[in-house]
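J.: predicted coordinates and the sequence they were generated for:
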Amino acid sequence: MTTPTDQAAIIRGGRLLDVRAHRAEPGDILVLGDTIAEIGAPGLTAPVGARVVDASGMLLHPGLINGHTHAHGNLAKGMGDLWTLELLLTAGPWISGGRTLLDRHLSAKLGAVEMVLKGCTAAYDLPLELPMPTLEGVEAVGRGYADVGMRAVVAPMVADRTFYEAIPGLLEVLTPALRQDVGGLRLAPWKTTAASLRTVLHGWTLDRDQVRLAVAPTIPHHCSNEFLRACADLAREHGVGLHTHVAESKVQAVVGLQHYGKTPTAHLDDLGMLGPHFTVAHGVWLDGDDMQRLGDRGASVCHNPGSNLRLGNGLADMRAMLEHGVNVGVGTDGANCSDNLNMYEAMRLASLVSKGRSPDVERWVRTDEVAVAATEGSARALGFEGRLGRLAPGYKADIVFLDLHHPNWIPLNDPTNQLVHTEDGGAVTHVMIGGRLVVEHRRVTTVDVSALAREVEAARRRLTETAAPAKALYEQLAPLVGRFCPGLAHVPYHVSRYVGGA
Ligand SMILES: [Zn+2]
């Protein structure tokens, strides 16, 4: 019983969440094709023959939008525990390398299945493909989303420096043998990667309303300035987004100052890269000037509190971002570093991290601000402003149905507070995307999840074997990286700014 998108559907009997008002009044929703045509009081008139979707006893909220994740991470969940961001990057060739086209497809599909089951209808995804993205590789990811019926912006991560080349002094602490090994990870010259990105952007065949592209220079100092400019030019030429990890770890903040003599954000601004199409992932170590620049340019920050806690990166200041006029979205980050793709958990953590920063209650973000960030804020970062993130006429019919008989909602006191602080995905019953029920009675309707599990297990076994040499290399590198990088982070930030010449 999926809803064909070329016909009308009327959703009757539900309570419609108004996150700003902290209210959920009864109302019906008329869906024409993939779009919400009308919202009205119970008994709303529908065209003859419109399919009736029963939402009695349910709370309806706009699909959550994951502003930052990584498709490749889904095959690597659970592979590490005591990982800083720098150790995660060291583990990259082991946990994310050697992937076939099938692996890329399965990994994306698995993530999409998890997200729709947990009330998320669109994601900004930054997949990794080494040594550079190919049309087939990026399409394999895009088709994973399309198969499940989820929306995505797929932004292949690109760089022209390895992690070892990007961190000053790191190569020097490696043994000559290890230096030679990591030399083998060298990336393609930036012109080659830029040409490949251009091929991907030109050759894209998927429906851009469902799966579109963007460009992701992975971390600014992992890219030469020439390459950063080329990425910005490609994004501009093709009218797509730019997404990069900025000020995620303190190591990044310190190294950015060493590289540029100013913050990475100031550097990107001076290169002309900031704008409404630009998204910072994380932004834990942004200063007030950085936030002002992002706000003035209409840029977004995707806040990933679960990942920031898990990798020891710190607590991003969402209140300050909002005060500086930055558009804030919310994300989970990849399953390889924050374990699940649960946007309810991400919202709860966004609220809690704000509260954990200080006892100054006036600086805390409210649940409605978090819920708006995880819907409208993320939608704007994905380039879907005005079409995703709200239950309103003219918006896509991306709607989550929560069972109000689930303990999360007994009793129902304040729907916005409970959405952010109490709901954990357990009450998700149906999920509609573009008028089509991709989850119905807690089951994915579009793909065979049991078959997917078998295929993923076969991939896992194969990858465990093929990645053994990369794992062995990681085990030699980890103690060295694990000692060297925290040393950079222990420099007081104001001193590192001074040393960096800013
Ligand atoms: Zn990331």
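T.: Thanks, I have the structure now.
J.: quick one: the helices in the stretch 201-350 of the chain, in order.
T.: Remark: helices assigned in the stretch 201-350 of the chain by DSSP state H, counting those that start in this stretch are 225-238, 250-260, 264-270, 288-296, 305-310, 318-323, 335-338, 343-357.
J.: Asp103: what's it in contact with?
T.: Neighbouring residues of Asp103 by Cβ atoms under 8 Å, 6 or more residues apart in numbering: 75, 459, 463. Placement of C-beta: from N, CA and C, glycine included.
J.: any idea how far the first one is from Lys262?
T.: Spelled out, that is Leu75. As judged by Cβ to Cβ, to the nearest Å, Leu75 and Lys262 stand 38 Å apart.
J.: and the second one, by the same measure?
T.: Distance, Ala459 to Lys262, by Cβ to Cβ: 43 Å.
J.: then Arg363?
T.: According to Cβ to Cβ, Arg363 stands 27 Å off from Lys262.
J.: so those two - more neighbours on which side?
T.: Lys262 (18 against 15; other Cβ atoms under 10 Å).
J.: re earlier: neighbour count, distance to Leu170 and pLDDT added to the contacts of Asp103, as JSON lines?
T.: Output for those, formatted as JSON lines (neighbours: other Cβ atoms under 10 Å; distance: Cβ to Cβ, whole Å; pLDDT from 0 to 100):
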{"residue": "Leu75", "neighbour count": "23", "distance to Leu170": "27", "pLDDT": "98"}
{"residue": "Ala459", "neighbour count": "19", "distance to Leu170": "32", "pLDDT": "98"}
{"residue": "Leu463", "neighbour count": "21", "distance to Leu170": "27", "pLDDT": "97"}
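J.: nearest to Leu286, of those?
T.: Distance to Leu286 across those (Cβ to Cβ) is lowest for Leu75, with 31.3 Å.
J.: so the closest one sits in a helix?
T.: Yes - assignment of Leu75 by DSSP: H, G, I helix; E, B strand; the rest coil places it within a helix.
J.: how about it: what's its closest non-neighbour residue?
T.: The shortest distance from Leu75 to any residue other than its chain neighbours is 4.7 Å, reached at Ser107 (Cβ to Cβ, 6 or more residues apart in numbering).
J.: need phi/psi at the one you found.
T.: Backbone torsions for Ser107, taken as degrees, to the nearest 10, come to phi -60, psi -40.
J.: okay, the closest residue to Phe484 other than its chain neighbours and Val481: tell me how far apart.
T.: Counting by Cβ to Cβ, 6+ apart, Phe484 lies nearest to Val173, which is 5.2 Å off, once chain neighbours are set aside. Noted for Val173: a distance of 9 Å to Val481, by Cβ to Cβ.
J.: more neighbours, these two?
T.: More neighbours surround Val481 than the other of Val173 and Val481, with 22 against 14 (other Cβ under 10 Å).
J.: surely the more buried one touches Gly169?
T.: No - Val481 lies out of contact with Gly169 (Cβ atoms under 8 Å); the separation is 11.7 Å.
J.: so where's the stretch 401-502 of the chain shaky on pLDDT?
T.: Applying pLDDT under 70 to the stretch 401-502 of the chain picks out residues 492-502.
J.: recalculate using a threshold of 80.
T.: Applying pLDDT under 80 to the stretch 401-502 of the chain picks out residues 489-502.
J.: pLDDT score assigned to Asp296?
T.: Asp296 is assigned 98 on the pLDDT scale.
J.: oh sorry, the question was meant for Arg104
T.: Arg104 carries a pLDDT score of 98 in this model.
J.: would you mind writing the CA trace of whichever strand or helix holds it as CSV?
T.: Using DSSP states H and E, the element containing Arg104 is helix 101-117. Coordinates of each C-alpha in helix 101-117 appear next as CSV, following Å, rounded to 0.1, in the frame of the first residue of the first chain:
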residue,chain,number,x,y,z
LEU,A,101,30.7,-0.2,-6.3
LEU,A,102,28.4,-2.8,-4.6
ASP,A,103,29.8,-1.8,-1.2
ARG,A,104,29.2,1.9,-1.9
HIS,A,105,25.6,1.1,-2.9
LEU,A,106,24.9,-1.2,0.0
SER,A,107,26.4,1.2,2.5
ALA,A,108,24.3,4.1,1.3
LYS,A,109,21.2,1.9,1.2
LEU,A,110,21.8,0.7,4.7
GLY,A,111,22.1,4.2,6.0
ALA,A,112,18.9,5.3,4.2
VAL,A,113,17.0,2.3,5.7
GLU,A,114,18.2,3.3,9.1
MET,A,115,17.3,6.9,8.6
VAL,A,116,13.8,6.4,7.3
LEU,A,117,13.0,4.0,10.1
